[in-house]
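Visitor: Next comes the sequence, and after it the predicted model I'd like to discuss.
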2 protein chains.
Amino acid sequence: MSETIFEYLSVAAAIIGILFAGYLTSWVLRRPMGTPRMQEISAAIQEGAGAYLNRQYRTIAIVGIIIVIVLFFSLGAVTALGFVVGAVFSGLCGYVGMNVAVRSNVRVGEAAKKGLPYALLVAFKGGAVTGLMCVSLGLLGVAGMFTLFHDPNSLVGLGFGASLISVFARLGGGIYTKSADVGADLVGKVEAGIPEDDPRNPAVIADNVGDNVGDCAGMAADLFETYAITTIGAMLLGEIYFHGRLMYMIYPLVLGGIAIIATIIGTYFVRLSQGQEIMTGLYKGLFASAILALIGFYPATTYIFGDNKFFWDALVGVVVTLIIVFITDYYTSKRFRPVKTIAQASQSGHATNIIAGLAVAMEASIWPVFTIVAGILISYVIGGVYGVGIACMAMLSMTGIVVAIDSYGPITDNAGGIAEMAELPPEIRAITDPLDAVGNTTKAVTKGYAIGSAGLVAIVLFSAYTQEIERVRQAAGIIDKLTFMVQDPWVLAGLLIGGALPFIFCALAMGAVGKAAYEVVNEVRRQFREIPGLMEGKAKPEYGRCVDIVTKRALKEMMAPGIIPVAAPLLVGFLLGAKALGGMLMGVIITGFFLAVMLTAGGGAWDNAKKYIEEGQYGGKGTPAHAAAVTGDTVGDPCKDTAGPAINPMIKVVNIVALLIVGYVALIVR
Amino acid sequence: MSETIFEYLSVAAAIIGILFAGYLTSWVLRRPMGTPRMQEISAAIQEGAGAYLNRQYRTIAIVGIIIVIVLFFSLGAVTALGFVVGAVFSGLCGYVGMNVAVRSNVRVGEAAKKGLPYALLVAFKGGAVTGLMCVSLGLLGVAGMFTLFHDPNSLVGLGFGASLISVFARLGGGIYTKSADVGADLVGKVEAGIPEDDPRNPAVIADNVGDNVGDCAGMAADLFETYAITTIGAMLLGEIYFHGRLMYMIYPLVLGGIAIIATIIGTYFVRLSQGQEIMTGLYKGLFASAILALIGFYPATTYIFGDNKFFWDALVGVVVTLIIVFITDYYTSKRFRPVKTIAQASQSGHATNIIAGLAVAMEASIWPVFTIVAGILISYVIGGVYGVGIACMAMLSMTGIVVAIDSYGPITDNAGGIAEMAELPPEIRAITDPLDAVGNTTKAVTKGYAIGSAGLVAIVLFSAYTQEIERVRQAAGIIDKLTFMVQDPWVLAGLLIGGALPFIFCALAMGAVGKAAYEVVNEVRRQFREIPGLMEGKAKPEYGRCVDIVTKRALKEMMAPGIIPVAAPLLVGFLLGAKALGGMLMGVIITGFFLAVMLTAGGGAWDNAKKYIEEGQYGGKGTPAHAAAVTGDTVGDPCKDTAGPAINPMIKVVNIVALLIVGYVALIVR
């Protein structure tokens, strides 16, 4: 039974990953915490983060319980159990990652006293916990469920749980962080005249919590979901195309396990020599992990299949990852033309900044698509549809290191805030600031990477969808295959309706930020008015109130956009039938992909164009060019942190819900 | 030979339309021209418009001659002749329409002395010339070529000629008008400190010419193209699905002829009672034309086919038109929530104005899509794919009245400018201003209408594409049909590449506006420096130079985006094969549709939000809210007048080029 051994090895790799994350956590926690003032501020952020997570999980639990009951009675116990595992693991991933991050920030502030390379090391190790939790919990969940049940339905349930939590986490976190940000700035800076990150501002903790909530917890849930869905998708293809040959379902798990070990070793390659570009230091870890993973993939592939065909598919996936990382780096880093173009356009005002930013954003969406297209075609030619799944799995096997490279960003962002609030010398800020700027790029990279996988996952899940339709139709005695031809009016209708979903979703998400920010403004004004001695620094503001309000409001506002990806496939499937639903699955990918990359890359470019000017270009801070760049940055905020990143899990939910209801709609053909 | 009679009747209706356009022209030209100062300004605009058209046609002629030669040797004389007719008629349509518009503007300024209803009447009649020329020349070209040759290839050639000119006209006109606008403002208002629309500004005429060049000539070419392609598409479906039964090819021409007569009568219903909403007055003409057309369609349909099935398809098309008009009105008019939301958001600054505008723009793109989807499905269920073609034809048969309602906009815009320059009393401006604001909405309506048709046309041209592939394959002895299934990696690759085209196209078009505006700024500075007595009003600026430079630059900058829709199908077709090319045809529609509506509706909403504030809301002119609204308006400019409207003809060129090369790529299947 060599299959069983491989299953156990995968689970073992996942457990090693979790243990290593535990080791990293204890390493980070042993770093010194700095002055009492720094610790006080950090504690406030921790308190706020706790308040948010409690409220979020309470709300989602209600939705989750309802869905579990529906799943139990409509699709059975195993699917319902899968949903629970997916949801709980996703929540756990965000919870652990964020809790380590909010404890790392103050230690990075203290580490900065020893110089940039050491600060990067502490921040990176803190972020690497999140990265390892994503892949290890992902693999543990999928491999564990599979080892226990060998039932594909449990996996689809798991994917649904992970995706649904992820949509909520991305939307809620995104609305939270941006409304807290805007609310804190509008009242604190503009009305009360106190500086940014001032601890007297009741919303300042919510603002700092927001960075963790959105960029850390939300991102972790998103990437956990992407990783889990991809693994499940590749396994389903193994089941579909090589029915009865279990190794084809287990092979993706093997790749995942190898990549976790490669990632653990890869983290040791992230080192910065004095004077080296920060991005170069991070890239060393990425390259090392990728090369080590490939070195492991080759013998595993030849041992399992007796030939190396699928290794080349895995290579395609890893190369696609690297290319997408470089493209996003190019479009969002201060070092290259696009960001400089936006900064230059800021000289002639707000409008030209926005126009240049929109042009860059549109351009940025094109090359990742061409990369994905090339990836799909090459991997398909090498290994058929299953080969596309393997490329996809290999691409996502890099999640651990990609998230690690990203997650240090919000940690240093917070560290900079703490340094400012604790009145540390400016040298500290001079170390955290450049780290933070690179963090903007890595943030965009992760989002581009996650959505990039959606193109590949789409083809995988669509195959599962059509396969399931055929099964149901054959069971009903229908012989001719259902085809999804693009020129069929029902398919075209589905394509267009699917194409509309990301637009409705983004319009609602961006509108929600505006509404939630308004409520924050009112609460901050109230505290300034009603708490005596607050402005004089004699009384502590009620940070928890602000956090609670933002949480409540964010969770309320996310409901409408969050319901779309669940309701749309139900409506289209039952009203317009299986063909239109199939078209919708593709339509949502096509526009969703472009919109997501455009919004996230554009937002990152706007942010760094502002930072580029703040470094002294075009007159620096206080000039009209800087004011225009601030406008661009603010416009980019809900694009890159609320609407854009939530598109990826939304696409997955649409696909998973379609897979769940396919048994009921397969015979509805107009 | 009842077919021949219907062919002749269609041609006759087209000729009646042209004669009526001639009558309207002479009616407008008989109106008084106002003061010598007004005439002087108007003459300068006419001179500029002439300079532009000469240069544009010279440039396009070079491209056109090359294409004619290529077509002649690759696809034969009839296709080449069709191309010439399409190109020349498209040019003629823009030329006549614009020449009447530049002569109407001054007369509307004078008519405004008699009050708003009379000013509207003169402006509307001037604009109606363009509307009638679009449909009459369109029908004359298509029906004429068909009557002469009865060869579908001549029609495809005609469609290609019309589309290609239209892309150039939209791009060139769009880059022209927005670069002149920005250039005139930056040097004139900011540097030289002279008021807007001041005749001393060398670019002010180019700016006023731009309104005609973009909103009149560019729009006319675009709608001529849309009308011609739709008619041709419906006829091709008749040929495909009812081969050998000529009446199915002629029926679309009959609908077109009836609608021209209905439009002529409908123009007499556009009347405004004192105190009535302007939009209501315009809607009366639209409703009258629609109802009269339907009254004509019914007996014609039952006479031709012996039953009324296709009448219901035609009804669907007309209803879709009305719904799209109302949706666009809702999202871009000052009377409704969306524009008011943007105006309100302007109070908290530039960034919130842009965020609110983006949210409105995204939302605005959704409902037209759902309308089109419903239209496709209902018309398909009633009459099959040919029924979709008939719905499409009926929808576009309203082009005459829709364009008439739109074209009065740039005329009143110019009239307002002339009134300002000629220092007419403020009462005149108080009449032209509200007319102009409604013009913003009608402009967006026409663009939404044109792109709305693209969804229907897509299905039509795609059917022709697949049909032709089957013909070639059968001729080569291949029996099994080529299918375009969405989950096929080659089709998916095509869908994604096609989806990328509108984004590349828009990024280039928006970047081009920036570059061209820069050159205008330099020329205006030079004239101020080198022409003695210019600032004192003693010397005339060289308006022609500015116009010439903008023309040259616009035509140069439009080449890169203009080449994309021609090159992309060639590359994809020959490199990736017929399946990927098929996918691309659908992909370009899906993202193109959303992007086009988003950009044009968003731009219109931003513009009217500014006008709403200028009416005194939120403090009116000179407030920070107004400054923020101006930013939104400027951002919206290249969106709504350059990139957005050029997407519609771009989609058509991609489709037509695919149809032209299908004979060569049909056997390339990967």
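Guide: Good, I have the coordinates.

Visitor: Can you verify my assumption that residue A:561 contacts residue A:509?
Guide: Yes. Applying Cβ atoms under 8 Å, one finds residue A:561 in contact with residue A:509, separated by 5.2 Å. C-beta here means a position set from N, CA and C on the backbone, and glycine is covered the same way.

Visitor: Looking at these two, which has the bigger crowd around it?
Guide: When residue A:561 and residue A:509 are compared for neighbours, residue A:509 comes out ahead with 31 against 25, by other Cβ atoms under 10 Å in any protein chain shown.

Visitor: With adjacent residues omitted, what lies nearest to the more buried one?
Guide: Of all residues beyond its chain neighbours, the one nearest residue A:509 is residue A:643 (4.2 Å), with distances taken as Cβ to Cβ, 6 or more residues apart in numbering or on different chains.

Visitor: Tell me, how many residues neighbour the one you found?
Guide: Other residues near residue A:643 come to 33 when the count uses other Cβ under 10 Å.

Visitor: again, but for residue A:63
Guide: By other Cβ under 10 Å, 17 other residues sit near residue A:63.

Visitor: do the one 10 residues further on as well
Guide: Here the number of neighbours of residue A:73 (other Cβ under 10 Å) works out to 10.

Visitor: Could you do residue A:537 as well?
Guide: Counted with other Cβ under 10 Å, the neighbours of residue A:537 add up to 10.

Visitor: what about it, distance to chain B?
Guide: 28 Å (Cβ to the nearest Cβ, to the nearest Å).

Visitor: Same question for residue A:637.
Guide: Taking Cβ to the nearest Cβ, one finds residue A:637 at 8 Å from chain B.

Visitor: Apart from its chain neighbours, what residue comes closest to that residue?
Guide: Nearest non-adjacent residue to residue A:637, counting by Cβ to Cβ, 6+ apart: residue A:178, 5.2 Å away.

Visitor: cool, and residue A:215?
Guide: Spatial nearest neighbour of residue A:215, excluding adjacent residues (Cβ to Cβ, 6+ apart): residue A:410 at 4.1 Å.

Visitor: Next, the contact list for residue A:459, please.
Guide: Residue A:459 makes contact with A:376, A:385, A:388, B:487, B:489, B:492 under the criterion Cβ atoms under 8 Å, 6 or more residues apart in numbering or on different chains.

Visitor: how deep is residue A:579 tucked in, by neighbour count?
Guide: Neighbours of residue A:579 under the rule other Cβ under 10 Å: 25.

Visitor: contacting residues for it?
Guide: The neighbours of residue A:579, taking Cβ under 8 Å, 6+ apart as the test, are A:482, A:484, A:488, A:490, A:491, A:494, A:669, A:670.

Visitor: Buried ones only from the residues you listed, please, as a ChimeraX command.
Guide: What follows is the ChimeraX syntax for the buried subset of those, where burial is set by 16 or more other Cβ atoms under 10 Å in any protein chain shown:
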select /A:482,484,488,490,491,494
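
Visitor: Now flag whichever of the contacts of residue A:579 is closest to residue A:124.
Guide: Residue A:124 lies nearest to residue A:494 out of the contacts of residue A:579, by Cβ to Cβ, at 44.2 Å.

Visitor: thought that closest one was touching residue A:584?
Guide: Yes. If you go by Cβ under 8 Å, residue A:494 and residue A:584 touch, sitting 4.1 Å apart.

Visitor: returning to what we had before: okay, and the common contacts of residue A:561 and residue A:509?
Guide: Common neighbours of residue A:561 and residue A:509 (Cβ under 8 Å, 6+ apart) are A:171, A:646.

Visitor: Just the element for residue A:505, please.
Guide: helix A:489-530 (DSSP states H and E).

Visitor: Next secondary structure element downstream of that helix?
Guide: Using DSSP H and E, the helix or strand that follows helix A:489-530 in sequence is helix A:543-557.

Visitor: Output the contacting helices and strands for that next one.
Guide: If you count contacts as 3 or more Cβ pairs under 8 Å, 6 or more residues apart in numbering or on different chains; DSSP states H and E, helix A:543-557 packs onto helix A:36-75, helix A:152-184, helix A:204-210, helix A:489-530.

Visitor: ok, and what's touching the third one?
Guide: Read that as helix A:204-210. Under Cβ under 8 Å, 6+ apart, the answer for helix A:204-210 is A:44-45, A:47-49, A:52, A:173, A:176-178, A:180-181, A:183-184, A:188, A:197-199, A:414, A:417, A:421, A:520, A:543, A:546-547, A:550.

Visitor: how about the helix or strand that it is followed by, does it reach chain B?
Guide: Once the chain leaves helix A:204-210, the next helix or strand it forms, by DSSP H and E, is helix A:219-241. No. If you take Cβ under 8 Å from any Cβ of the partner chain as the test, helix A:219-241 misses chain B, and the best it gets is 11.8 Å.

Visitor: Check the offset of helix A:219-241 from the chain's centre.
Guide: Centroid separation between helix A:219-241 and its chain, computed with Cα atoms, centre = their mean, to the nearest Å, is 14 Å.

Visitor: And for stretch A:343-360?
Guide: On the basis of Cα atoms, centre = their mean, stretch A:343-360 sits 28 Å off its chain's mean C-alpha point.

Visitor: With stretch A:403-410 instead?
Guide: A distance of 11 Å separates the centroid of the chain from that of stretch A:403-410, by Cα atoms, centre = their mean.

Visitor: what angle separates the helix holding residue A:505 from helix B:489-530?
Guide: 60 degrees (axes from the mean of the first three to the mean of the last three Cα atoms, to 10 degrees).

Visitor: Quick one: mean pLDDT over helix A:489-530.
Guide: For helix A:489-530, mean pLDDT rounds to 88.

Visitor: Tell me what angle that helix forms with helix A:152-184.
Guide: Relative orientation of helix A:489-530 versus helix A:152-184 (the same axes, to 10 degrees): 40 degrees.

Visitor: Please identify the buried residues of stretch A:193-212?
Guide: A:194, A:197-212.

Visitor: Regarding it, how distant is the last residue from the first?
Guide: Start-to-end span of stretch A:193-212 (Cα to Cα, to the nearest Å) is 26 Å.

Visitor: So for that stretch, mean pLDDT?
Guide: What stretch A:193-212 shows for mean pLDDT is 82.

Visitor: And the helices in the stretch 551-670 of chain A?
Guide: A:559-576, A:578-614, A:624-638, A:644-665 (DSSP state H, counting those that start in this stretch).

Visitor: Just say which of the ones you listed is most tucked in.
Guide: Among the helices of the stretch 551-670 of chain A, ranked by average contacts under mean count of other Cβ atoms under 10 Å in any protein chain shown, first place goes to helix A:578-614 (a mean of 29).

Visitor: Taking helix B:578-614 as reference, get the angle to that one.
Guide: Using the same axes, to 10 degrees: helix A:578-614 against helix B:578-614 is 60 degrees.

Visitor: what is the mean pLDDT for helix A:578-614?
Guide: In this model, helix A:578-614 has an average pLDDT of 92.

Visitor: swap in stretch A:284-293?
Guide: Here the average pLDDT along stretch A:284-293 is 94.

Visitor: and residue A:637, what does it touch?
Guide: Residue A:637 neighbours (Cβ under 8 Å, 6+ apart): A:178, A:181, A:182, A:513, A:603, A:607.

Visitor: Same question for residue A:343.
Guide: Residue A:343 makes contact with A:609, A:612, A:613, A:617, A:618, A:625, A:629, according to Cβ under 8 Å, 6+ apart.

Visitor: let's see it at 6 Å
Guide: Applying Cβ atoms under 6 Å, 6 or more residues apart in numbering or on different chains to residue A:343 gives the contacts A:609, A:612, A:613, A:617.

Visitor: Any residues of the stretch 401-550 of chain A in contact with chain B? List them.
Guide: Residues of the stretch 401-550 of chain A that fall close to chain B, judged by Cβ under 6 Å from any Cβ of the partner chain: A:462, A:483-487, A:489, A:493, A:495-497, A:499-500, A:503-504, A:506-507, A:510-511.

Visitor: Report the buried members of those residues.
Guide: The neighbour count (16+ other Cβ under 10 Å) marks A:462, A:484-487, A:489, A:493, A:495-497, A:499-500, A:503-504, A:506-507, A:510-511 as buried among these.
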